[in-house]
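Peer 1: Return a 3D structure for these sequence lines:
(2 chains)
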Amino acid sequence: MAIVEHMGKTFEIDEDGFIDAFESWNPEWVDYVKGSEGIQELTEEHWKVIHVLQDYYQKHGIAPMVRILTKVTGYKLKYIYELFPSGPGKGACKMAGLPKPTGCV
Amino acid sequence: MALKHKTPLLDELEKGPWPSFVSDVKQIAARKPMCEDLLGLLEQSYVDKEGHWKHGGIVGVLGYGGGVIGRYCDRPDLFPEVAHFHTMRVNQPSSKFYSTEVLKQLCDIWEKRGSGLTNMHGSTGDIILLGTVTDQLEPIFYELTHDMNMDLGGSGSNMRTPSCCLGKARCEWSCIDTQAITHDITTEFQDELHRPAFPYKFKFKTSGCPNDCVAAIARADCSIIGTWRDDIRIDQEAVKAYAAGELAPNGNSFGTGPSVLDIQKEVCDLCPTRCMEWDGKTLKIWNEDCTRCMHCINVMPRALRPGTDTGATILCGAKAPILEGAQLSSVIIPFIKMEEPYEEFKDFVDKMWDWWMEEGKNRERLGESIQRLGLRAFLNACELEPDPRMINTPRYNPYIFYDPADVPGGWEIDGKAYREKHQA
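Peer 2: Okay, the predicted model is just below:
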């Protein structure tokens, strides 16, 4: 676990750059991550995706399946990749402070 | 040159007459510190009897959700060169035809930016490039796509890189143009290939004939297997030549050279539906009973050939053991012409995916969803009629289920009222 500092806040991150716990999330984290995720300016659409992910996570304790994310936000998957170039799992979940998705090869 | 780590246990794997991956890795380890540490880490795993790779890891290239499989080791203190050892999957050309120039270029990129170790090819068919670090992913992706016109393959819950047999390029039995179909599926479904949105992985495999050289029936969620719907073409003179020992049976696969073929024993009696008759002069085939097993054609390739009205059978649901045991594909569309632009097939694919994405549970293959919810539900969703050809032994299966909606007047079953009259 490495420790990074941004705008006066410190965050503990793993090797993939995910935050150590959902509770440590704050808006400064989003600002810190956006650079490495290839995002210039955060728009309302970015925040909509982030909030949907966080609401779902708080309710269910896991990240939603991609299909649910596209349904609830109304955004096509391709558009979500335009918003978050590294994708909903790696990019959007990381920004929302969710735990790393348990990917499979 | 002595390597950094002693590997007595791995060295055992070099003994004997067989090729050894340890010898292969050692060759390259002399110039690649990453491969030296890779051997060291594997030796450590053998000593500890425990793996030292962490499971998964979320890495990738921008815009894609698949194609890169993250690997990190849990002892970067001892083996710093393999702290990252990500795998990249590269979409192979249809039927794996390459020029040597492309292969050299690919190896040059990987020597420079990765471990230099490759796996040609993974079981899905992709070119597997083993071992690189996160910072190299984007440069590799850029060089593959811009300099080599190649793309990453599939990984995760997406459409995996479609693959096919040699098809019409090398094989006279191919009933469909497997390469064209594979290329078309790849380009048509780019989104599904690169941006995982499915409950789990999804594989297309295409074989030109029922010999099924890519084992589509055993491995693909959707198998496309070439077939014909007219009659097997017979050259009666060649049949006689086989019987007389003028030709080598099985295309000389067994090295017998021209030898007498007992057509009754080797061909007719081995036909699974016994649809052939040989009277010593003429071979007769009842084509309506033929299940396209290819046996007779394989034994007498000079005498028998598939028919000329060719197309494909579409089967769904094969998979290796995961939740349930291994499963073969089931026939879903007995015959489809499979001609460009494959609209009928793509319509079917859209319906199939819609149903699976709606109904499939997380990490459930299409075959498992069909098993859980029933073939009837799947056929309804795909707007297909049930057909005896979907069933293994339709003539022995007396169970016919009617859907109340299909019967004029319909009916309703009141379970409670029934149980009042009948015990469970």
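Peer 1: Can you give me the neighbour number for the residue nearest to B:L270 when sequence neighbours are not counted?
Peer 2: Spatially, and ignoring its direct neighbours in sequence, B:L270 is nearest to B:H295 (5.8 Å; CB to CB, 6 or more residues apart in numbering or on different chains). Quick note: C-beta positions are derived from backbone N, CA and C, even for glycine. Look at B:H295: counted by other CB atoms under 10 Å in any protein chain shown, it has 17 neighbours.
Peer 1: now swap in the one 10 residues further on and tell me
Peer 2: Number of residues near B:R305 (other CB under 10 Å) recorded here: 16.
Peer 1: B:I181: what's it in contact with?
Peer 2: B:164, B:206, B:224, B:338, B:342 (CB atoms under 8 Å, 6 or more residues apart in numbering or on different chains).
Peer 1: Quickly find the element holding it.
Peer 2: helix B:178-188 (DSSP states H and E).
Peer 1: do B:I225 as well
Peer 2: Using DSSP H and E, B:I225 falls in strand B:222-228.
Peer 1: I'd like to know which elements that strand is packed against.
Peer 2: The contact analysis (3 or more CB pairs under 8 Å, 6 or more residues apart in numbering or on different chains; DSSP states H and E) places strand B:222-228 against helix B:178-188, strand B:204-207, helix B:216-219, strand B:310-316, helix B:343-359.
Peer 1: go again using 6 Å as the cut-off
Peer 2: strand B:204-207, helix B:216-219, strand B:310-316 (3 or more CB pairs under 6 Å, 6 or more residues apart in numbering or on different chains; DSSP states H and E).
Peer 1: residues in chain B within reach of chain A, list them.
Peer 2: B:56-58, B:60, B:62-63, B:65, B:69, B:72, B:155-156, B:191, B:195, B:197, B:357, B:362 (CB under 6 Å from any CB of the partner chain).
Peer 1: low-scoring stretches of the chain, by residue?
Peer 2: All of this is about chain A. A:102-105 (pLDDT under 70).
Peer 1: hmm, I had chain B in mind actually
Peer 2: B:1, B:56-57, B:398-399.
Peer 1: tell me the domain ranges of it?
Peer 2: Split into domains by automatic domain parsing, chain B comes to B:8-147, B:163-229+B:309-405, B:235-305.
Peer 1: re earlier: so which of the residues of chain B next to chain A belong to strands?
Peer 2: B:69, B:72 (DSSP state E).
Peer 1: re earlier: using TSV, please lay out the contacts of B:I181 together with neighbour count.
Peer 2: Formatted as TSV, the contacts of B:I181 follow (neighbours: other CB atoms under 10 Å in any protein chain shown):
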residue	neighbour count
B:C164	29
B:T206	31
B:I224	28
B:M338	25
B:Y342	19
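Peer 1: and the two most separated of the residues you listed?
Peer 2: B:C164 and B:Y342 (13.7 Å; CB to CB).
Peer 1: Now the element after the longest helix along chain A, going C-ward?
Peer 2: As far as residue count goes, and with DSSP state H defining each element, the longest helix of chain A is helix A:44-60. Moving toward the C-terminus from helix A:44-60, the next helix or strand (DSSP H and E) is helix A:66-73.
Peer 1: which of the residues in that following helix are buried?
Peer 2: Residues A:66-67, A:69-70, A:73 are the ones in helix A:66-73 that count as buried (16 or more other CB atoms under 10 Å in any protein chain shown).
Peer 1: measure stretch B:257-277 end to end?
Peer 2: 25 Å (CA to CA, to the nearest Å).
Peer 1: same check, this time on stretch A:74-85
Peer 2: Span of stretch A:74-85 from end to end, CA to CA: 18 Å.
Peer 1: Just checking: what are the partner strands of the strand holding B:I225?
Peer 2: strand B:204-207 (parallel), strand B:310-316 (antiparallel) (DSSP bridges).
Peer 1: so how far is the helix holding B:I181 from its chain's centroid?
Peer 2: 14 Å (CA atoms, centre = their mean, to the nearest Å).
Peer 1: Just the C-alpha atoms of it, please, in PDB.
Peer 2: Extracted in PDB, the C-alpha atoms of helix B:178-188 (Å, rounded to 0.1, in the frame of the first residue of the first chain):
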ATOM      1  CA  THR B 178     -14.800 -19.800 -42.000                       C
ATOM      2  CA  GLN B 179     -12.200 -17.000 -42.300                       C
ATOM      3  CA  ALA B 180     -14.700 -14.600 -43.800                       C
ATOM      4  CA  ILE B 181     -17.200 -15.400 -41.100                       C
ATOM      5  CA  THR B 182     -14.700 -15.000 -38.300                       C
ATOM      6  CA  HIS B 183     -13.400 -11.700 -39.700                       C
ATOM      7  CA  ASP B 184     -17.000 -10.400 -40.100                       C
ATOM      8  CA  ILE B 185     -17.900 -11.400 -36.500                       C
ATOM      9  CA  THR B 186     -14.800  -9.700 -35.200                       C
ATOM     10  CA  THR B 187     -15.400  -6.400 -37.000                       C
ATOM     11  CA  GLU B 188     -19.200  -6.400 -36.400                       C
END
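Peer 1: From the structure, what's the count of residues near residue 92?
Peer 2: As the question left the chain open, I've gone with chain A. A:A92 has 24 nearby residues by other CB under 10 Å.
Peer 1: that's the wrong chain, I meant chain B
Peer 2: 23.
Peer 1: How about B:R365?
Peer 2: 25.
Peer 1: Which residue, neighbours along the chain excluded, lies closest to it?
Peer 2: Nearest to B:R365 is B:K319, by CB to CB, 6+ apart, at 4.5 Å.
Peer 1: OK, contacts around A:H6?
Peer 2: A:28, A:32 (CB atoms under 6 Å, 6 or more residues apart in numbering or on different chains).
Peer 1: now it, which residues is it bridged with?
Peer 2: With DSSP bridges as the rule, A:H6 is bridged to A:K9.
Peer 1: That one and chain B: what is the separation?
Peer 2: Distance, A:H6 to chain B, using CB to the nearest CB, to the nearest Å: 20 Å.
Peer 1: looking at it, B:P258 is touching B:G251, isn't it?
Peer 2: No - counting by CB atoms under 6 Å, B:P258 does not reach B:G251; the two are 11.9 Å apart.
Peer 1: measure B:Q179 to chain A for me?
Peer 2: From B:Q179 to chain A the distance is 27 Å (CB to the nearest CB).
Peer 1: Close to chain B: what parts of chain A are there?
Peer 2: A:15-16, A:38, A:65-67, A:77-78, A:81, A:85-87, A:90, A:100, A:103, A:105.
Peer 1: Which one of the residues you listed sits in the busiest neighbourhood?
Peer 2: A:G87 (28 neighbours).
Peer 1: I figured that residue was touching B:G65, is that so?
Peer 2: Yes - A:G87 is within contact range of B:G65, at 4.0 Å (criterion: CB under 6 Å).
Peer 1: With adjacent residues omitted, what lies nearest to B:I127?
Peer 2: B:V90 (4.2 Å).
Peer 1: Bridging across strands, which residues link to that neighbour?
Peer 2: With DSSP bridges as the rule, B:V90 is bridged to B:I127, B:L152.
Peer 1: so what's it up against?
Peer 2: Per CB under 6 Å, 6+ apart, neighbours of B:V90: B:127, B:150, B:153.
Peer 1: try 10 Å this time
Peer 2: Residues in contact with B:V90 (CB atoms under 10 Å, 6 or more residues apart in numbering or on different chains) are B:67, B:106, B:109-110, B:118, B:121-122, B:126-129, B:140-141, B:144, B:148, B:150-153, B:161.
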